[in-house]
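# From the sequence below, what's the structure:
(chains A and B)
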Amino acid sequence: MTSPTPRVLVPSAAAKGEVIQVKTIISHQMETGLRHNSRGQVIPRKIINRFVCRYGGEVVFSVNLHEAISANPFIEFYLRATDSGRLEFIWEEDGGGVYRLEHELAVA
Amino acid sequence: MSLTRRDVLVAGCAGGTALASTLFWAGNVRAQDEAVQLVERLTGQTPTVSDRLHLVMPAVFPTGYTVPMDLDIESPMTEDDHVRRIRVFAPQNPLLQVVDFNFVPQRSVARVSTRIRLAEPQYVVAVAEMSDGTLLMTKTWVDVATNGCI
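Numbering: from 1, shown residues only, chains lettered A, B, ... in the order given. Got it, this is the predicted structure:
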């Protein structure tokens, strides 16, 4: 399996107070732990269990994901543009894997 | 009074319609109660069914693997009045928790979209935890043709 690749789609500039759309996706199997292999053994659970968005160092939105989220989890959400700053996107995987992306947002 | 064939048929149809609508209504109320009971069991708190929550999902979808889900809650998102958290449940899935979204007043907007797995046709339940501690609830029927949980 290839390593999970995160992607985000977010504007680089916004007006102060404007609501911006953020689309995020990470390529990931999201193995539920409910499946068996050909020898009848359970394939262990391995999912992205948490997603966090920080804006200027502060958590502004977070998600706890469970088994019922589809493979390649897609999350679209909305933030209010308050100040210019860095947006950080963090995905945490079962077993401690962490995937990150950063994006600069200019607010005029 | 003589009973004609027409009278019998008309009465039969009317009775049938009345019976069907009663059954449908009873079924709907039962589903509502079940969803409320489920939320009570999971959170220990009685939710209020509210039309401030909009859970938009396709009524019929060909696959249970990636069912689109849009959630939108009418809230000013101020310090005094905001949505803290939304939890989504699929009661007929082998594991009924789907996802929890956590919001921050004045920074995020109570609107999200994602894609979920559903094992069978069922009501999907969304519960919003408001800043004053109350729970608001809504549910939407989704008919999936294939099991997305295996």
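# Close to chain A: what parts of chain B are there?
Where chain B comes near chain A, counting by Cβ under 8 Å from any Cβ of the partner chain, the residues are B:65-67, B:90, B:93-104, B:106-109, B:111-118, B:148-150. C-betas here are computed from N, CA, C, even on glycine.
# and B:V36, what element?
helix B:5-43 (DSSP states H and E).
# The helix or strand following that helix - contacts with which helices or strands?
Moving toward the C-terminus from helix B:5-43, the next helix or strand (DSSP H and E) is strand B:48-49. On a contact count with 3 or more Cβ pairs under 8 Å, 6 or more residues apart in numbering or on different chains; DSSP states H and E, strand B:48-49 meets strand B:135-144.
# Count the neighbours of residue 42 for me.
You didn't say which chain, so I picked chain A. Using other Cβ atoms under 10 Å in any protein chain shown, A:V42 has 10 neighbouring residues.
# Can you look at chain B instead?
In terms of burial, B:L42 registers 16 neighbours under the definition other Cβ under 10 Å.
# residues touching the nearest residue to B:L95 once chain neighbours are set aside, list them.
Of all residues not flanking B:L95 in the chain, A:E67 sits nearest, at 4.8 Å (Cβ to Cβ, 6 or more residues apart in numbering or on different chains). Shown here is A:E67, whose contacts under the criterion Cβ atoms under 8 Å, 6 or more residues apart in numbering or on different chains are A:30, A:32-34, A:45, A:47, B:95, B:97, B:117, B:149.
# Any stretches of the chain with poor pLDDT?
The chain I'm using is chain A. Applying pLDDT under 70 to chain A picks out residues A:1.
# that's the wrong chain, I wanted chain B
Per-residue confidence for chain B (pLDDT under 70) gives these ranges: B:1-3, B:8-32, B:150.
# The same query, at a cut-off of 80, please.
Under the criterion of pLDDT under 80, the regions of chain B flagged as low confidence span B:1-32, B:149-150.
# So what does residue 84 look like in phi/psi?
Went with chain A since none was named. Main-chain dihedrals, A:S84, degrees, to the nearest 10: phi -70, psi 140.
# same check, this time on A:S3
Listed backbone geometry of A:S3 is phi -70, psi 140, with angles given as degrees, to the nearest 10.
# Pull the number of nearby residues for it.
The number of residues packed around A:S3, counting by other Cβ under 10 Å, is 8.
# How about the one 5 residues further on?
The tally of other residues near A:V8 (other Cβ under 10 Å) stands at 16.
# How about the secondary structure of it?
When the structure is reduced to helix, strand and coil (DSSP: H, G, I helix; E, B strand; the rest coil), A:V8 reads as strand.
# Give the bridge partners for the closest residue to it other than its chain neighbours, please.
Among residues not flanking A:V8 along the chain, A:T24 sits closest, at 4.8 Å (Cβ to Cβ, 6+ apart). Taking DSSP bridges, one finds A:V8, A:I75 as the beta-bridge partners of A:T24.
# Can you get me a residue count around the nearest residue to B:D81 once chain neighbours are set aside?
With Cβ to Cβ, 6+ apart as the criterion, B:D81 has its nearest non-adjacent residue at 6.0 Å, and that residue is B:S131. The number of residues packed around B:S131, counting by other Cβ under 10 Å, is 16.
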